[in-house]
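Q: Sharing a model prediction with you, sequence too.
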Amino acid sequence: MAKYVINPNKKVSKINKEIYGHFSEHLGRCIYEGIYVGEDSQIPNRNGMRTDVVEALKKIKVPVLRWPGGCFADEYHWMDGIGPKENRKKMINTHWGGVVEDNSFGTHEFFELCEQLGCEAYVNGNLGSGTVREMSEWVEYITFNGVSPMADMRAANGHKDPWKLTYFGVGNENWGCGGNMNPDFYANEYRRYQTYVRNYDKDHPIKKICSGPNVDDYAWTRGVLETAFGHQMENADASHGFMDGLALHYYVHPHGWQNKGSATDFDEKDWYITLNKAYFMDELVTRHGYIMDEFDPDKRIGLIVDEWGTWFDVEPGTNPGFLYQQNTIRDALVAGITLNIFNKHSDRVKMANIAQMVNVLQSVILTDGADMILTPTYHVFDMYKSHQDAMLVDSSLETEQIGLEDEWQVPNLTESVSEDAEGRLHITVTNLSASESYPIDAVLVDFAAGEVQGEIVSGEMHEMNTFEAPDCVQVRSFDQVTVTEQGLSFTIPPCAVVHLTVSRKA
Ligand code: AHR
C-alpha cells in the first residue's frame with residue numbers, strides 16, 4: 001500500500017492557468033486545415049475557424065495560445081499576413097515541407113481565433129531575420145489605441161480597436177533556427193529588440209519572453225541571464241516588463257533525432273524509455289530554476305516551457321516536413337507526468353505550451369477533411385483543467401523505481417494536488433507501470449472527505465483513437481475510491497491517469 005499524505009493547510013503556489021497552454025505554428029496541417037479552413041469552406045466554420053475544433057478546445061479551457069512559431073516565427077514577416085487576402089504574398093514555408101504559405105491566416109485571424117477560444121494571446125516575434133522596426137511596428141499595430149501609422153493601417157484593414165496582447169516572445173530558439181547565436185550575442189540582441197516592444201496599453205502591460213535554453217543547455221540560461229538580467233536590475237525604473245519569462249524547449253524522442261521511433265508501434269522497453277525521458281522534465285525545470293534563483297530569488301521571471309511533448313517519426317506515408325503523428329495511451333502518460341511536474345514547480349513554471357495543438361507532434365486534436373478526433377492527450381488536458389488557477393497544496397506519495405533496465409527506470413507513480421476556489425481538492429495521479437496496479441492509502445490532513453468524484457484515462461499502452469474508432473480512449477468514470485477515517489483509499493490500474501475531485505464533508 002503506497003502511503004500518500006496531502007496537507008491542504010500548506011498552500012505552495014498558484015498553478016497559473018497558462019501552464020495548460022498550447023502552441024500552434026504554420027507547420028503542416030496545424031493552422032491550415034486543422035484550425036483555419038476559410039470562410040468559404042464546406043466544413044462548418046465561423047470566420048474561417050472550424051467550429052468542431054474550436055468547440056472541442058473551449059471544453060478543455062485553452063488558456064493561452066502561442067503563434068506563429070516556432071522556427072517559422074523567425075522567418076515570418078507579419079505585414080505579409082494583413083490586408084485583403086487576394087493581395088497577400090504567397091511564399092515558401094522553407095522550414096516545414098517547402099509548401100506554399102499563402103498568408104491567409106495572419107494577425108487578424110490569430111486574434112479572431114483567440115477571441116473565439118476565449119484565451120490569452122502569445123505572439124512570437126521575429127528576431128532572427130526581422131528588424132527592430134518590424135517588431136516594434138507589429139506591437140504598435142496590435143495594441144496602439146489612437147492615431148498612428150500602424151493603428152490607422154489596422155483600422156483600414158477592418159479592425160479599429162486594438163487587441164489585448166498578453167505575451168510577446170522576442171525570438172525563438174535563437175541558439176538554432178532563430179539565428180544560430182551564442183548566449184551573449186542573443187542576450188544583447190534581446191536587450192535591444194525588447195526596448196521597442198512598447199507598452200501602449202498601460203492596463204495590460206505585455207509580458208516579454210526571452211528565448212531560452214534547449215533541453216539541458218544550462219550555459220545558455222546562465223549566459224543569457226548574466227548579460228540581460230543584470231541590465232534589468234541597473235535600469236530598474238525603466239525596466240518594467242524587461243523580461244517576464246525565459247523559454248525552455250524540451251521534446252521527448254525516445255531514440256534520438258535520427259530515428260525517433262514510431263508513435264504507435266512500440267514495445268515495453270520503448271514505453272519505459274519514453275516515460276523516463278518525459279520524467280526528465282523534472283530535472284530540467286529544477287536545474288534551470290536553480291540558475292534562475294541565483295539571479296531572481298523572488299521568482300519574478302517565469303520559466304516558460306513553451307514547447308514540450310513527444311516527437312516521434314511521422315505517420316507512414318505523410319509529408320516528413322508536416323510532423324503528423326498518432327497519439328496513444330503512452331502520450332496520455334507523458335502528458336499526465338509532465339503536467340504533474342509543472343504543477344509541482346508552479347512557483348517557477350508560469351506557462352507551458354504543448355506542441356502542437358492540432359495535427360502536429362503531440363496534438364490534442366487530429367483532423368482528416370471534415371472529420372475530427374480527440375486524442376488521449378486531449379482527455380488528460382480535459383481532466384487536468386481543474387488545476388487551472390488553483391492553489392498547489394503540499395503532497396507526497398511513496399514510490400518505487402520500476403522498469404525493464406536500470407538505465408530507464410522511472411518512479412511507478414507521480415502526482416500533484418491543488419485546491420480550487422470552492423475548497424475542493426483535485427488529485428491527479430499517474431501509474432507508469434505497464435502491468436502493475438498499485439493500492440494507495442491517502443491521508444488528508446485536517447480535511448474530512450465528503451463527496452468524491454473520480455475519472456480515469458487508461459487502457460492497453462497502444463490504445464488510441466482513430467477516424468474509424470474515435471472513442472476507444474476517453475475519460476471514464478472511476479468509482480473505486482473508498483473514503484476512510486483518515487482520507488481515501490483506491491487502487492490505480494496500470495497505464496493510467498486518474499483525477500479525483502474531493503469535497504469537504506458538509
Ligand atoms: O515544434 C516544432 C519545432 O520544434 C519548432 O518550430 C521549433 O521551435 C522546435 O525546434
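A: Here it is on my side, so go on. Numbering: from 1, shown residues only.
Q: rest of the way, CA atoms for contacts and neighbours
A: Will do.
Q: burial count for residue 53?
A: Neighbourhood size, residue 53 [other CA atoms under 10 Å]: 22.
Q: I figured it hits residue 35, correct?
A: Yes - using CA atoms under 8 Å, residue 53 makes contact with residue 35 at a distance of 6.6 Å.
Q: Specify the local secondary structure of residue 168.
A: What DSSP: H, G, I helix; E, B strand; the rest coil gives for residue 168 is strand.
Q: That one: how many residues sit nearby?
A: Close neighbours of residue 168, defined as other CA under 10 Å, add up to 23.
Q: For it, name its beta-bridge partners.
A: As for beta bridges, residue 168 partners with residue 123, residue 208 under DSSP bridges.
Q: what about whichever residue of the stretch 201-350 of the chain sits closest to the ligand, helix or strand, and which?
A: Among the residues of the stretch 201-350 of the chain, residue 307 lies closest to the ligand, at 6.6 Å counting by CA to the nearest ligand atom. Element membership of residue 307 [criterion: DSSP states H and E] is strand 302-310.
Q: Please work out the average pLDDT along that strand.
A: The average pLDDT within strand 302-310 is 98.
Q: strands paired with that strand, and their directions?
A: Sheet pairing of strand 302-310 (DSSP bridges) gives strand 245-252 (parallel), strand 349-355 (parallel).
Q: Next SSE downstream of the shortest one?
A: Under the assignment DSSP H and E, the closest C-terminal helix or strand after strand 349-355 is strand 365-368.
Q: cool, the first one as well?
A: Helices and strands here follow DSSP H and E; after strand 245-252, the next one along the chain is helix 268-295.
Q: for that next one, the distance to its chain's centre please.
A: On the basis of CA atoms, centre = their mean, to the nearest Å, helix 268-295 sits 15 Å off its chain's mean C-alpha point.
Q: ok, now stretch 41-56?
A: 22 Å.
Q: Also stretch 347-359?
A: Distance of stretch 347-359 from the chain centroid (CA atoms, centre = their mean) equals 1 Å.
Q: Same check on stretch 488-496?
A: In this view, stretch 488-496 has its centroid 26 Å away from the chain centroid, taken as CA atoms, centre = their mean.
Q: buried ones in that stretch?
A: By neighbour count with 16 or more other CA atoms under 10 Å, stretch 488-496 contains the buried residues 488-490, 492-496.
Q: Need the max-distance pair from those.
A: 488 and 495 (21.0 Å; CA to CA).
Q: Of all the strands paired with strand 302-310, which one is nearest residue 324?
A: Nearest of the strands paired with strand 302-310 to residue 324, taken as CA to CA: strand 349-355 at 11.4 Å.
Q: quick one: the closest one to helix 268-295, angle?
A: Counting by axes from the mean of the first three to the mean of the last three CA atoms, to 10 degrees, strand 349-355 lies at 140 degrees to helix 268-295.
Q: Identify all contacting residues around strand 349-355.
A: 15-24, 65-66, 285, 302-309, 342, 361-363 (CA atoms under 8 Å, 6 or more residues apart in numbering).
Q: and that strand, what's its mean pLDDT?
A: Mean per-residue pLDDT for strand 349-355: 98.
Q: swap in stretch 105-117?
A: On average, stretch 105-117 scores 98.
Q: From residue 193, how far off is the residue nearest to residue 38 when sequence neighbours are not counted?
A: Nearest residue to residue 38, sequence neighbours excluded (CA to CA, 6 or more residues apart in numbering): residue 48, at 3.8 Å. Look at residue 48 and residue 193: by CA to CA, to the nearest Å, they are 33 Å apart.
Q: likewise residue 93?
A: As judged by CA to CA, residue 93 and residue 193 stand 25 Å apart.
Q: ok, now residue 326?
A: Using CA to CA, residue 326 is found at 38 Å from residue 193.
Q: Could you pull out the helices in the stretch 351-500 of the chain for me?
A: Remark: helices assigned in the stretch 351-500 of the chain by DSSP state H, counting those that start in this stretch are 376-384.
Q: what number of residues lie near the one residue in it that gets nearest to the ligand?
A: The minimum distance from the stretch 351-500 of the chain to the ligand, using CA to the nearest ligand atom, falls at residue 355 (5.6 Å). Neighbour count for residue 355, taken as other CA under 10 Å: 28.
Q: Flag every buried residue along stretch 247-259.
A: Residues of stretch 247-259 classed as buried: 247-254 (neighbour count, 16+ other CA under 10 Å).
Q: Residue 117 versus the residue minimising distance to the centre of the chain, what's the distance?
A: Nearest to the geometric centre of the chain sits residue 353, at 1.6 Å (CA atoms, centre = their mean). Taking CA to CA as the measure, residue 353 falls 15 Å from residue 117.
Q: Noted, bye for now.
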